[in-house]
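Chemist: Any chance you could fold what I've pasted below:
(chains A, B, C, D, E and F)
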Number of protein chains: 4
Amino acid sequence: MDKKTKILEATERVLAEQGFERISIQMVAKNAGVATGTIYRYFVDKNDLLTQLREHVLKQCAAKMFHDFKDDFSDEIAIKNQFILLWKNTWNLTIDRDDGAINKEQFDSLPYKKNGHQKQSEREVFAPIHRFFQRGISMGIFKPLGSDVLSSIGIEPAFFLARKQVNGLINLNASECNDVLEACWDAICLNKKLELLK
Amino acid sequence: MDKKTKILEATERVLAEQGFERISIQMVAKNAGVATGTIYRYFVDKNDLLTQLREHVLKQCAAKMFHDFKDDFSDEIAIKNQFILLWKNTWNLTIDRDDGAINKEQFDSLPYKKNGHQKQSEREVFAPIHRFFQRGISMGIFKPLGSDVLSSIGIEPAFFLARKQVNGLINLNASECNDVLEACWDAICLNKKLELLK
Amino acid sequence: MDKKTKILEATERVLAEQGFERISIQMVAKNAGVATGTIYRYFVDKNDLLTQLREHVLKQCAAKMFHDFKDDFSDEIAIKNQFILLWKNTWNLTIDRDDGAINKEQFDSLPYKKNGHQKQSEREVFAPIHRFFQRGISMGIFKPLGSDVLSSIGIEPAFFLARKQVNGLINLNASECNDVLEACWDAICLNKKLELLK
Amino acid sequence: MDKKTKILEATERVLAEQGFERISIQMVAKNAGVATGTIYRYFVDKNDLLTQLREHVLKQCAAKMFHDFKDDFSDEIAIKNQFILLWKNTWNLTIDRDDGAINKEQFDSLPYKKNGHQKQSEREVFAPIHRFFQRGISMGIFKPLGSDVLSSIGIEPAFFLARKQVNGLINLNASECNDVLEACWDAICLNKKLELLK
DNA sequence: GATGAATGAGGTTTCATTCAT
DNA sequence: AATGAATGAAACCTCATTCAT
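Modeler: Numbering: from 1, shown residues only, chains lettered A, B, ... in the order given. Predicted coordinates:
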């Protein structure tokens, strides 16, 4: 396998296990099965390694969140199904204790100083989710609140809850999960029936 | 001021600015205006300092989130007002770039869980929020999904969104903020009118 | 003894023995009898240590060159005696394999890039030699060529020759040494007798 | 061009620019346009490369110092002209910031003498200068002080002064340069007219 | 109690050298 | 012969912790 990828993936594992406080180049090298010096052939320094990892992690997370996801807007049922898929993919990412999810959380929680120029690439990578919500808005299904907002109230609770589940603070079964998912759907949908009522 | 508190608060500032990767005892000492050795009179070691900071941070965050919060369940209006207060306090905590919020995020995102007793203390500190949701459920206002779940879909999006706002990914004004808050309210409430419709 | 001085003097010894190619912080620490970390309490980094050593060395060399030197211009005899003293001090500095002399040579031979802002302090430290030659010029004893020039043709050959002697390329005894010294004196003096001849 | 020469010349450039402290095989390889491994086909190790460079530098310097130099002793005028040529060549070598001159200085200033055979080779390379002074002595023009001594007081000041000029400590024009050269000539010559006077 | 100089283990990074291609 | 990726020892530097004052 490509050695740079090997190093990035080792970094991913070590960061997910040890956190920023403890990760060291030596640990990464050992975990990747290369000499410490080798890392410096592919990365300028430790900071560069972590910056490139962030990009890598972002893409991995997006890939998993968008697994089986299709731009299918044939009707409200199709849109609901895509929503369910997104929500469950997001939930499972954390439930599976996926390194990518752990690391994305760590990167996102860094003091703001270090979060500057990540915006653009984050936006690109999550473009499908924005298109999805935008389309739903223009079809009159979702509240006209902006795709970032809809994502935060519709999908991101899956993150928070999965983290609580993994930490043992809650213990939802599949059926309860579906109830939560439906509540999130309520949060983002215009309530047409209510409108009709008036 | 109490010297231990002085040290904890310096730690809070330095951690919020530098993150786990860079914080050092020397930096904390300098920031607190004490000698490095002094820190070791109040804390066993660096790990103990950070563990105690976590507790400290948790309490600070809770205090700010529960600012002006009252256990007032006289009617649905009162409950809605308390919800609005909670949501806005949560939003503002991050918007103000409050060190406590930054640090809570960092602690919560740590991958290794030396937690265990942390869970318990988190539960205690956020007890008011649990009581609030529990009471709302029993009054038939909120969906019967458990207080953790309601908190995750009703309040925590305020965290996520505020973080996006601070990082410049979105730019909500006060009115848009209210719309989002209402959407979160939709997510947690039983839709009585719909029920009546049937 | 003052610890900073202890470190500087160890650096002096190690640099004189090992040269820039081989000197290391660890060697200096060992030689000074301190821990490596201690060096960084007194010097920003290795470069700072060497820069400060340069200043230190300059002063040491000057002190030895000006040992017993007096600003005595009572007559030509006095001036000649001061010249002889300067010349012999210079010669002995290298002959004694003095670390300062070895190091000054090494610093002075560094690629020009690194020699920029040393000028001013070199000029200050060697001010007495400039005053000496200036005064001799104004008294009509020395050729009016500028004090730097007179120093280069009158005194600095003592450096070159001592280096050759130490390296075993030549082997001058005391009497031959005096002959050379006289030749250097010829180089810088106006030859009054010749003038009278015309 | 011959690959070994290409490497030696790259080493010359890099050493003149970076000094012993910073020169590395990788830099030399890059500068020479060859792979690092290639260097080890022509040189045993780094030390061998630098040792061979020293020889190379010595020859280059000598070649430049003896440019246009002829063993012409027809009369005192011819000898004086050869002296002027030597002095100016020496001066220009440093003034031109010639890599060879920079490096010769660096090599000559090394504190540890793995030399021994270096002495011999220096003597061979500078044989013309020794023959020149020896012949001048036997012709009764120069003081009978040994060719090394005459070289140190007659020619080497040109080195010292040129270094000062390059470092900006002095600023001699062509005419002043000639005056200095004459002073050096005074230093090495027997003063026949004075002798006659007695 | 408080200090901060000192320590040295351990982290980051460089670079001489090797070796499979 | 030439390459340049890979190695790992050793360099520079940081920082948690101790201890004499």
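
Chemist: Which segments of chain A make up each domain?
Modeler: As assigned by automatic domain parsing, chain A contains the domains A:1-43, A:57-197.

Chemist: per-stretch mean pLDDT over those, give me the minimum one.
Modeler: Within these, the least confident segment by mean pLDDT turns out to be domain A:57-197, at a mean of 89.

Chemist: Relative to chain C, which of the domains of chain A is closest?
Modeler: Shortest distance between chain C and these, using Cβ to the nearest Cβ, is found for domain A:1-43: 18.8 Å. Every residue, glycine included, has its C-beta placed from N, CA and C.

Chemist: and that closest one with DNA strand E, contact?
Modeler: Yes. Using Cβ under 7 Å from any atom of the strand as the criterion, contacts between domain A:1-43 and DNA strand E involve A:Ile23, A:Ser24, A:Ile25, A:Gln26, A:Thr36, A:Gly37, A:Tyr40.

Chemist: Check the gap between the residue nearest to A:Arg163 when sequence neighbours are not counted and B:Phe126 for me.
Modeler: Nearest residue to A:Arg163 in three dimensions, chain neighbours excluded: A:Thr94, at 5.7 Å (Cβ to Cβ, 6 or more residues apart in numbering or on different chains). Using Cβ to Cβ, to the nearest Å, A:Thr94 is found at 20 Å from B:Phe126.

Chemist: what do you get for A:Lys30?
Modeler: A:Lys30 sits 40 Å away from B:Phe126, going by Cβ to Cβ.

Chemist: Next, name the residue at the spatial heart of chain A.
Modeler: Closest to where the C-alpha atoms of chain A average out (Cα atoms, centre = their mean) is A:Cys61, at 4.9 Å.

Chemist: Looks like it contacts A:Lys104 (just checking).
Modeler: Yes. Shown here, A:Cys61 and A:Lys104 form a contact pair, counting by Cβ atoms under 8 Å, at 5.1 Å.

Chemist: Quick check: the residue nearest to A:Arg163 vs DNA strand E, distance?
Modeler: Separation of A:Thr94 from DNA strand E (Cβ to the nearest atom of the strand, to the nearest Å): 27 Å.

Chemist: near DNA strand E, which residues of chain A?
Modeler: Counting by Cβ under 7 Å from any atom of the strand, the residues of chain A lying close to DNA strand E are A:Ile23, A:Ser24, A:Ile25, A:Gln26, A:Thr36, A:Gly37, A:Tyr40, A:Asp45, A:Lys46, A:Asn47.

Chemist: The same query, at a cut-off of 6 Å, please.
Modeler: By the rule Cβ under 6 Å from any atom of the strand, the part of chain A lying against DNA strand E is A:Ser24, A:Ile25, A:Gln26, A:Thr36, A:Gly37, A:Tyr40, A:Asp45, A:Lys46.

Chemist: Sort out which of those are buried, if you could.
Modeler: With neighbours counted by 16 or more other Cβ atoms under 10 Å in any protein chain shown, these contain buried members at A:Ile25, A:Lys46.

Chemist: Quick check on A:Lys30 and B:Phe126: which one has the bigger neighbour count.
Modeler: B:Phe126 (19 against 14; other Cβ atoms under 10 Å in any protein chain shown).

Chemist: what's the helix or strand for the residue nearest to A:Arg163?
Modeler: Per DSSP states H and E: A:Thr94 is located in helix A:76-95.

Chemist: which helices and strands does that helix pack with?
Modeler: For helix A:76-95, the helices and strands in contact under the criterion 3 or more Cβ pairs under 8 Å, 6 or more residues apart in numbering or on different chains; DSSP states H and E are helix A:46-65, helix A:99-108, helix A:127-138, helix A:156-166, helix A:174-188.

Chemist: Same list (those) but as JSON lines, adding distance to B:Asp186.
Modeler: Below are these laid out as JSON lines (distance: least, Cβ to Cβ, whole Å):
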{"stretch": "helix A:46-65", "distance to B:Asp186": "24"}
{"stretch": "helix A:99-108", "distance to B:Asp186": "26"}
{"stretch": "helix A:127-138", "distance to B:Asp186": "16"}
{"stretch": "helix A:156-166", "distance to B:Asp186": "13"}
{"stretch": "helix A:174-188", "distance to B:Asp186": "5"}
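
Chemist: Tell me which of those sits nearest to DNA strand F.
Modeler: With Cβ to the nearest atom of the strand as the criterion, DNA strand F lies closest to helix A:46-65 of these, at 12.0 Å.

Chemist: tell me how far that closest one is from the chain's mean position?
Modeler: The gap between the average C-alpha position of helix A:46-65 and the chain average comes to 11 Å, counting by Cα atoms, centre = their mean, to the nearest Å.

Chemist: do stretch A:60-73 as well
Modeler: Taking Cα atoms, centre = their mean, the mean C-alpha location of stretch A:60-73 is offset from the chain mean by 11 Å.

Chemist: what does stretch A:103-121 give?
Modeler: Relative to the mean C-alpha coordinate of its chain, stretch A:103-121 is positioned 13 Å out (Cα atoms, centre = their mean).

Chemist: which residues sit against it?
Modeler: For stretch A:103-121, contacts defined as Cβ atoms under 8 Å, 6 or more residues apart in numbering or on different chains pick out A:12, A:15-16, A:19-20, A:53-55, A:57-58, A:61, A:159, A:163, B:16-19, B:97, B:102, B:105-106, B:108-111, B:163, B:166-169.

Chemist: in that stretch, what counts as buried?
Modeler: By neighbour count, and taking 16+ other Cβ under 10 Å as the criterion, the buried residues in stretch A:103-121 are A:Asn103, A:Lys104, A:Glu105, A:Gln106, A:Phe107, A:Asp108, A:Ser109, A:Leu110, A:Pro111, A:Lys114, A:Asn115, A:Gln118.

Chemist: and the first one, how far is that from chain D?
Modeler: Which is A:Asn103. 33 Å (Cβ to the nearest Cβ, to the nearest Å).

Chemist: ok, for that residue, nearest residue in space, not its chain neighbours?
Modeler: A:Val57 is the one closest to A:Asn103 (Cβ to Cβ, 6+ apart), at 4.7 Å.

Chemist: Report all helices and strands that the host helix or strand of A:Asn31 contacts.
Modeler: Here A:Asn31 sits within helix A:25-32, counting by DSSP H and E. Contacts of helix A:25-32 with other secondary structure elements, assessed using 3+ Cβ pairs under 8 Å, 6+ apart, are made with helix A:3-22, helix A:36-42, helix A:46-65.

Chemist: Columns distance to DNA strand F on top of those helices, output as a markdown table?
Modeler: Supplementary listing: the helices and strands packed on helix A:25-32 in a markdown table, determined by distance: least, Cβ to the nearest atom of the strand, whole Å:
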| stretch | distance to DNA strand F |
| --- | --- |
| helix A:3-22 | 4 |
| helix A:36-42 | 2 |
| helix A:46-65 | 12 |
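
Chemist: so which of those helices comes closest to D:His130?
Modeler: Within the helices and strands packed on helix A:25-32, the stretch nearest D:His130 is helix A:36-42; the backing value is 49.7 Å (Cβ to Cβ).
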